[in-house]
Every structure is written in C-alpha cells, then in structure tokens.
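Novice: predicted model, plus sequence, below.
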Amino acid sequence: MAHLIAEECEKLTRAFSGFGGLGVEEKELVSVIGNWRHEPEKRSHFRRGCAAPLFNAEVENFERWEDDFVKHLKAEFARFKNVVLLWAMHPWERDARWANHVLHKAHPFAILVEIACTRSTEELLGARRAYHTLFHHSLEEDVAYRVKESNAQLLVGLVSSYRYEGSHVDEERAKLEAKALNDAIKKAGAKKPIENEDIIRILTTRSKPHLKVTFKFYKEMYGKSIEEDIAGDKCLQETVQCLRSPPIYFCKIINRAFKDGAEKNTKEALTRVIVSRSEIDMAEIKEVYHKQYGVKLEDVIAKSTHGNYRDALLSLVTGKEQES
Amino acid sequence: MATLKVPSSVPSPLEDADRLRKAFVGWGTDEKTIVSILGHRTASQRMEIRRVYKELFGEELFTSLDKEISGDFERIVLLWTFHPAERDAFLANEAARKWNPSNRVLIEVACARSSGQLFAARQAYHARYKRSLEEDVAAHTTGDFRKLLVPLVSAFRYEGEEVNKTLAKSEAKILHEKISDKGYNDEELIRIITTRSKAQLLATFNHYNDQFGHPINKDLKSDPKDEYLAALRATIRCFTCPAKYFEKVVRFAINKLGTDEYALTRVITTRAEVDLQEIKDVYQQRNSVAMDHAVSGETSGDYKSMLLALLGHEEA
C-alpha cells in the first residue's frame, strides 16, 4: 500500500512539474482529481509526504504551498498557453514583442541578436514595422536609448540593417574584409573588438552570403574560425553564429533549455525557438540536433516536457511534414 | 506644395510613349516634346509611360533618352523620369561612391524624406546595385562622418506625431551639454539625432531654443571650416526647415561662378513633386527675385526649358 502510494505521489509530483521537466501533465492531474475524490487522506499524505519541495510542512496546523513553487507552477501551466498565443500571432508581432521584452523586461540581449540576424531581411523589416505600431517608437530608437553596455553600437547596427538578399558575392572584397576582421580582433587596444568600427561595419551591413564567404576565407587565411578568435565576447560570438548558421545556433539554445537548473529565460527559449522556426528551418534544426547530440530532437522533447506543452511542441516539430 | 503642372486632361501612356518615340526617330531629337511630355507628368504617370514604351518598342525609355540627349539636359530628364525611390537610390549611390566631406546628398536623402520614402529608396537600392545602401555608405565614409551617416541612412523612424515632453526636455539638455563640451561626435548626440522620430526631434529642438535662448544650430558654428559641423547643421535643417535648406542650396548653386548644375538639378527634380513651391516662396523673400527668373538668367537651352517646366513656369 505504502509502495503504491509512493508511486502515485511521485507521478503526481511529476505531473505538477516537480522533479524537473517543462510543462504540466494536464490529463494526469485531471485523472487524479477524479480518483482522489472523497479521499482527503491521500491528498494529505501527498502534501506531507513525498511532495517535499512543493509544500512547507513546518507550518503550525497545515502544510502550505511553497510560494516559490506556486510561482514556478504558474510558469509551467502557462507554457502551453504561450505556445498557442505565439503560434497564432503574426511573426512580425512576435518578434516585435520579444524585442520589447529585452529592452523593457531585461530579457537577454541574445534575443535581439537572434531576431536581427536569423530573420530574413523582409521579416526583420516587418518586425520593425510592427514595433512602430505596437510601441510608438522605432526599434533602433529604443535599443539605442536602453542599451548602455559596450555592445550598444553593434546591437543598434544589427537591428537597423536592411541586408541585400541576393547571392552575388565579391570574393576579393570578402578576402579584404576577412583580413580587416582579423586585424581588428588582433589589435589589442583599449577598445574591445565588439566596439571596433570595422567589425561593426562588416557584421551589420554586409549581406549574409557575403559574410559566409568572408568567414570561410578567414578560416583559410588564419587557420582558426572567427568564432574561436572572438570567443572572449559572447555577444559577438552569438552574432557570428546567427549570421552564419541559424540551425546550429538554435540547437545550442534548445539543448540548454533541457539542462538541469536552467534559468527561466533559458527555458522560455525552447518555446520561442520551436514556435518561430517551426515553418522556417525546423528540418535543418532536427538534422543538426541529431548530428550534434546523438539523439532525435523529438525524443528529447518527449522525455523532458509534459502534457499539452509537450504535445504542442511535438506537433510543431514533427507535424505535417512538407513535401520536399 | 508641388510645382509640377499636369494637363487637366492627360493623354494616355500609349499616346505619350508614341509621341516620345517620334521625338527620337530620324535626324536630331525633338527636345521640346520630351520636355512637354515628361516635364508635365506625375511619378505614376511616368512609370506607366516607361512600361508602355518598353512593351511597344522593346527598349527602355532610359536607353533611348541616353542615345538621343546629353549633358545637363540628359541628367535632368533622366533624374526626373526616375521614380522618386529610384532617384534617391541613384543619387545616394553616386554620393557614396564619390563621397567627400562637403557632400550633403546622403543627408538630404535620409532626412528630407519621410520614413517610408527612405525605406523605398533602400529597397530600390537593393534592386539596382545588388548591395545595401548602408553597406556602401559605411564602406566609403570614414570617422565622424561614418558615425553620423550610417545610422542616418539606416533609420526607420517612427512616423507618429506623439511627443514625450519630458524626454524632449532631457534630450535638449543632453544635446546642449555635449555641444558645450565640443563632443559633436558623442554617442548620445548621434543617438538622439539618428533615431528619434521627427516629431520628437522637432519638440527637442524647440525646447533647446526655449531653454537656451537660441536655436541649436547657432551653437554648432564654432568653426566655419568644419565640414562635420556643417553636416550636423544640414541634418538639423533638413528636419526643421527643409524649404529653407533647399533654398540655400539653390541660391549657392546659382550664385556660384559657373552655376552648380548638379545641385540645381538635384533640388528641382527631387522637390518638384514635394515642396518646390515653398522653396520658391522662400527664395523670393530672401533674394527679392523670383527663382524662375534667376534660373532663367543663369541657364540656357533645353536644360533651362526642363528646369522651368518643373518649376511650374509654363502651363502644361
């Protein structure tokens, strides 16, 4: 009997998103509510016994919900809601709102880099239009005003870009700029690379095909990839990664969300990436993920997330496959 | 207000294309026809004529024009016939490639246009030059000019009329501080000028005047030879008083020994459908002579005819 109760408790705790994982097991919770009707001792046992992190039994007459855990629960219950709202939202509005969160709710700057560098030129333009409508300021105005760190100039440049989208690349120019980038990185001076004018100019104005060729020449000419040489600067690294290969970048983000002890923003990134890339490059992301981590993305999602949230993510990741 | 005069009953694009073709065919060219048609059509009408001309004769109107006419007349006809967005892209590309510190074209394109028009120019730039405008400006300018010009041409300013008065006050103060310290290339100064909406900037400049007793440009005149300061002043004037700004460009172009046709052509073609009437009014006030008259005196031939047509001098 005790063994069965312990098992039930564990299941229920997991359904409440205790013991890790993202989201809650809605079906499980509903079924327990039904099964445990008229059985207050079971609930009592649950509160006092196994679900240690969820309740505080040190209180005088009763075991109260841990306030921190209730907050945590709110977020977990909301994951499915967020997926649905974001999924239905116009991509421009999504990006504008995410950008606004970075500036007004101290979300990580990496989200700005992501939006500015992984969206197509027209998608970024759309996001900027949506930003006008929603927030009555221009995106670059708010970035310039609110970002006071050393990466301000780079970020303003990135969100203001309107990159040429054609495939034509001037190889000679790409070689020259690979050299310019290397010179700027090696030039150990008072200014960090992220504030260097040439680096900013090249990364914020050149077309993506041009940059990919430039990075290729960089590796050929200097033996190291440019990411290795700028490893000291996270923001600069993220910029290069997003410009060079969004799928590789996104796989890293997704993987971090599954790690134990991941922070709130790190976990929210899972929703953001899956929803925003579901119809863009999800096939490449799955491929890269499998190659990089040796497991299928859908398997990790199935294992590490719960309930409706899990099902929604899986639909976005594997849903009706496109005819290729 | 525009000065362009369009006939009350406009011939069809087909008729226009046909008459233009006839003007090219045979010995010589009938320049009067070119002026009388193109000089009296709106941007969308001109686009239609170009489209129909290409369909009928298998050749771009621009190609035919290039073969038949030359010099200042060719430049003004070509620039005029462009769609405003293409024209801005063309002028911006020329300015970037041949950039020098006294060049103000990029500032005009970035600041004397609406947010939407600047963006249309950037799109036209992609199509025409297979690069982005900001990439070329960044690659051809240096130092403080690059710090100012790249954000100026990259801006996609909010177009609403809302103004935050508190912000205007505090930013006027910041501008004053930086200027007093001669920090003309300061990041905050550049940030304010290159990202705030036009309405917000105007409010900020007004506050500056109220708070410090004189317009901001007065404090940017410490060194008459400093081209960067002149560029800053031009930027501010394009926002606050474009008609006065362009009047000055025209006045200098006309008074210059030998007349600066490039500048004259640029102002006339880019403003004829915008505010050339206001510019003429300012010119009259400032110089006690009508602009039409001054232009007449300094130019000649077909170039003059086209200028006068765009100035609204003749009837359509």
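Specialist: Sure, I can see it.

Novice: all contacts plus neighbour counts: C-alpha atoms, from now on.
Specialist: Noted.

Novice: domains for chain B, by residue range?
Specialist: Domain assignment of chain B by automatic domain parsing yields the ranges B:13-69, B:86-154, B:165-240, B:242-310.

Novice: now the ones you listed in CSV, with mean neighbour count?
Specialist: Output for these, formatted as CSV (neighbours: other Cα atoms under 10 Å in any protein chain shown):
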stretch, mean neighbour count
domain B:13-69, 17
domain B:86-154, 20
domain B:165-240, 18
domain B:242-310, 19
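
Novice: closest one to B:Met1 among the ones you listed?
Specialist: Evaluated with Cα to Cα, the domains of chain B place domain B:242-310 nearest to B:Met1, the distance being 4.3 Å.

Novice: so how far is the closest one from its chain's centroid?
Specialist: Relative to its chain's centre, domain B:242-310 lies at 12 Å (Cα atoms, centre = their mean, to the nearest Å).

Novice: now do the contacts for the residue of the stretch 201-316 of chain B at minimum distance from chain A.
Specialist: Proximity of the stretch 201-316 of chain B to chain A (Cα to the nearest Cα) peaks at B:Leu201, 11.9 Å away. The contact partners of B:Leu201, by Cα atoms under 8 Å, 6 or more residues apart in numbering or on different chains, come to B:168, B:192-193.

Novice: from these, pick the one nearest B:Ser44.
Specialist: B:Ile193 (32.7 Å).

Novice: now do that closest one against chain A, distance only.
Specialist: Applying Cα to the nearest Cα, to the nearest Å, the value for B:Ile193 to chain A is 10 Å.

Novice: domains in chain A, by residue range?
Specialist: Chain A breaks down by automatic domain parsing into domains covering A:2-65, A:247-318.

Novice: what parts of chain A come near chain B?
Specialist: Contact residues (Cα under 8 Å from any Cα of the partner chain) of chain A with chain B: A:128, A:132, A:136-138, A:140-141, A:144-145, A:157, A:160-164, A:166, A:168, A:201-202, A:205-207.

Novice: ok, residue 275 - contacts?
Specialist: Looking at chain A here, since you left the chain open. A:Val275 touches A:83, A:86-87, A:313, A:316, counting by Cα under 8 Å, 6+ apart.

Novice: my bad, the chain I had in mind was chain B
Specialist: For B:Asp275, the contact set (Cα under 8 Å, 6+ apart) comprises B:1-3, B:243.

Novice: kindly report the same for B:Phe156.
Specialist: With contacts defined as Cα under 8 Å, 6+ apart, B:Phe156 is in contact with A:128, A:138, A:140, A:160, B:115-116, B:118-119, B:195.

Novice: quick one: pLDDT of it?
Specialist: For B:Phe156, the pLDDT comes out at 96.

Novice: now do the SS call for it.
Specialist: Put simply, B:Phe156 is coil when judged by DSSP: H, G, I helix; E, B strand; the rest coil.

Novice: still on that earlier bit, format the domains of chain B as JSON lines; extra columns: distance to A:Leu112.
Specialist: Output for the domains of chain B, formatted as JSON lines (distance: least, Cα to Cα, whole Å):
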{"stretch": "domain B:13-69", "distance to A:Leu112": "38"}
{"stretch": "domain B:86-154", "distance to A:Leu112": "17"}
{"stretch": "domain B:165-240", "distance to A:Leu112": "17"}
{"stretch": "domain B:242-310", "distance to A:Leu112": "35"}
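
Novice: which among these is found nearest to A:Lys234?
Specialist: domain B:165-240 (22.8 Å).

Novice: state the mean pLDDT of the closest one.
Specialist: Domain B:165-240 comes out at a mean pLDDT of 96.

Novice: distance between the ends of that domain?
Specialist: Using Cα to Cα, to the nearest Å, one end of domain B:165-240 lies 17 Å from the other.

Novice: gap between that domain and the chain center?
Specialist: With Cα atoms, centre = their mean as the basis, domain B:165-240 stands 22 Å off its chain's centre.

Novice: same check, this time on stretch A:254-273
Specialist: 7 Å.

Novice: start to end distance for that stretch?
Specialist: End to end - Cα to Cα - stretch A:254-273 spans 7 Å.
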